[in-house]
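> Structure for the following, please:
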Amino acid sequence: MRVLFALLLVLAAAGAAAQQGPAPPGPLQERAPPRATVPGDPAQAVVLIFNHGTSRPQRRHQCNEERDVPAVVRDVAAANGWTVHYLCSAATDDGVDGSYTYKRADEILAAAADLRAKGVPARRIFLLGHSAGGWSSLMAARKDASGFNAIVAFAPAFAGPRYEEAQYPKWRRQLAPQQTAYLREARRIEALIIAYSDDDFDRPVDLAPLETIPGVRLLAFDACQKGHGTTYTDCFRQGARIEIEDYIKSRLGAR
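Coordinates of the predicted model:
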């Protein structure tokens, strides 16, 4: 009887493990993001490197290009014959809070360097990103802005929503001010930052200190009222396309 009971416990545990699925990827499972492919003549290509957001920086993002790249980015690229390179980040905090944005910045710079090695001029490479992807793109520019043209950052943020501040005070009270100060040390960052006043993460008022950086333009886009997910709505797809397209074209003519 005891043997049968023990066997049932083992089978139950195995069933529970199967329902839970595999454990999140650990350090040994991390891999470098895939290299970009450039169709046609690299010297004439315009490549938009898009970096996704993240739910928790302690875990690898479950990358899904179809889901992660906003429709407005696809539309702008398709209308102009530009290429979207989806950068699936392997970066996590790995025990050091807030470090994932610095690691992502290195991934982004490596992707831009790979494109240049393939013959794409730096002035024809743009960084785009939502949430942590937008913030990490700004961090990449702070490290080295010479390898690409400019940034379009949608709702950039990395320190979690405001409603979690009391639960995780270090992120918004210590790490966010530190990284903001780091960005503000930049001599210049060419960037269009699009933010939403109803965002649970960083609103235009929270991102306003970045406007002191030469080259940064902060646009409050409040037509949709869909919070942090505004970037992925049909409302934003229709309402922000011209703004994004015009900015990229203006930057292409500026360099």
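> Pull the contacting residues for residue 213.
Applying CB atoms under 8 Å, 6 or more residues apart in numbering, we find residue 213 in contact with 183, 184, 186, 188, 189, 191. Where you see a C-beta, it was placed from the backbone N, CA and C, and this is true even at glycine.
> which phi and psi does residue 140 have?
phi -60, psi -40 (degrees, to the nearest 10).
> got the contact list for it?
Residue 140 neighbours (CB under 8 Å, 6+ apart): 104, 105, 106, 108, 109, 112, 127.
> returning to that earlier point: would you show me how to pick out the buried ones of the contacts of residue 213 in PyMOL?
A single PyMOL command selects the buried members of the contacts of residue 213 (16 or more other CB atoms under 10 Å):
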select buried, resi 183+186+189+191
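> okay if I get the contacts of residue 213 as CSV plus pLDDT, secondary structure and distance to residue 213?
Output for these, formatted as CSV (pLDDT from 0 to 100; DSSP: H, G, I helix; E, B strand; the rest coil; distance: CB to CB, whole Å):
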residue, pLDDT, secondary structure, distance to residue 213
183, 99, helix, 7
184, 98, helix, 6
186, 98, coil, 5
188, 98, coil, 7
189, 99, coil, 5
191, 99, strand, 8
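> Strands of the chain, start to end?
47-51, 83-87, 125-130, 150-154, 191-195, 216-220 (DSSP state E).
> Present those strands as JSON lines; the columns should include distance to residue 171.
Compiled in JSON lines, those are given as follows (distance: least, CB to CB, whole Å):
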{"stretch": "strand 47-51", "distance to residue 171": "20"}
{"stretch": "strand 83-87", "distance to residue 171": "23"}
{"stretch": "strand 125-130", "distance to residue 171": "18"}
{"stretch": "strand 150-154", "distance to residue 171": "19"}
{"stretch": "strand 191-195", "distance to residue 171": "18"}
{"stretch": "strand 216-220", "distance to residue 171": "22"}
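> Which among those strands is found nearest to residue 37?
Of all the strands of the chain, strand 83-87 sits nearest to residue 37, with 7.8 Å by CB to CB.
> Return the distance of that closest one from the chain's centre.
12 Å (CA atoms, centre = their mean, to the nearest Å).
> Could you name the helices and strands sitting against that strand?
strand 47-51, helix 71-80, helix 100-117 (3 or more CB pairs under 8 Å, 6 or more residues apart in numbering; DSSP states H and E).
> per-residue pLDDT, residue 63?
Listed pLDDT for residue 63 reads 87.
> ok, for it, nearest residue in space, not its chain neighbours?
The spatially closest residue to residue 63, leaving aside those adjacent along the chain, is residue 88, at 3.7 Å (CB to CB, 6 or more residues apart in numbering).
> Report how many residues lie close to that neighbour.
Neighbours of residue 88 under the rule other CB atoms under 10 Å: 17.
> Quick check: it touching residue 67?
No - in this structure residue 88 lies outside contact range of residue 67 using CB atoms under 8 Å: 11.6 Å.
> Can you tell me how far the residue most central in space within the chain is from residue 88?
Centroid-nearest residue in the chain, with CA atoms, centre = their mean: residue 133, separated by 1.0 Å. Counting by CB to CB, to the nearest Å, the gap from residue 133 to residue 88 is 11 Å.
> I'm done for today, thanks for sticking with me.
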